[in-house]
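S.K.: with the input below, show me the fold.
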Amino acid sequence: MKNSASTISIEENSQVTLHFKLQLEAGNIVDQTDPEQPVTLNIGDGTLKTCFEETLIGLTIGDKQQVTIDPRMSFGFRDETLIQAVEPSLFKDLPNAGDILPFNQDGEEILGTIIEIKDGAIIIDFNHPLAGHTITFSAEIIHVNQPNLH
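M.R.: A predicted model of the protein is given here:
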């Protein structure tokens, strides 16, 4: 018996077209798809964090869901040791408070948010901007393709 398209459920490596939204506790939207442009991704390809992908497993075309994800499962908790002061001379152009800049750490690019410039130092927060927040993840499944099993 052949499955109809509407009964294909999402599994690891499925190609999924969906609309999604990420919101903070206060309702601030931090990321979402354009209402006219859903995103297509493969489950497991890293486009979405694993904690969000896992909530999609088993859903089918037309399904809508909203889940709340604790910081320990999403972007972790804030770590005050990741706030560091650096010398302004390390910058070609002096940044401004609020700038988010890439930095190289052991060959890996990480982002840091400039908190302030004071007393001859630039204070940078290397925590993920969503660290410490409970995230509400909403999704609407538009299309699902089963993974190719060869």
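
S.K.: please count neighbours and contacts with C-alpha atoms only from this point.
M.R.: Noted.

S.K.: which parts of this protein are strands?
M.R.: 15-23, 29-32, 39-42, 64-69, 83-86, 100-105, 108-118, 121-125, 135-145 (DSSP state E).

S.K.: direction included, what does the least confident helix or strand in the chain by mean pLDDT pair up with?
M.R.: Here the helix or strand of the chain ranked lowest by mean pLDDT, DSSP states H and E is strand 100-105, holding a mean of 88. Neighbouring strands of strand 100-105 in its sheet, by DSSP bridges, are strand 108-118 (antiparallel).

S.K.: quick one: average pLDDT of the strand it pairs with?
M.R.: Taken as a whole, strand 108-118 has an average pLDDT of 91.

S.K.: and what of stretch 127-134?
M.R.: For stretch 127-134, the mean pLDDT works out to 92.

S.K.: how long is that stretch end to end?
M.R.: 15 Å (CA to CA, to the nearest Å).

S.K.: in it, what counts as buried?
M.R.: For stretch 127-134, the buried set under the neighbour-count rule, 16 or more other CA atoms under 10 Å, comprises 127, 128, 130, 131, 132, 133, 134.
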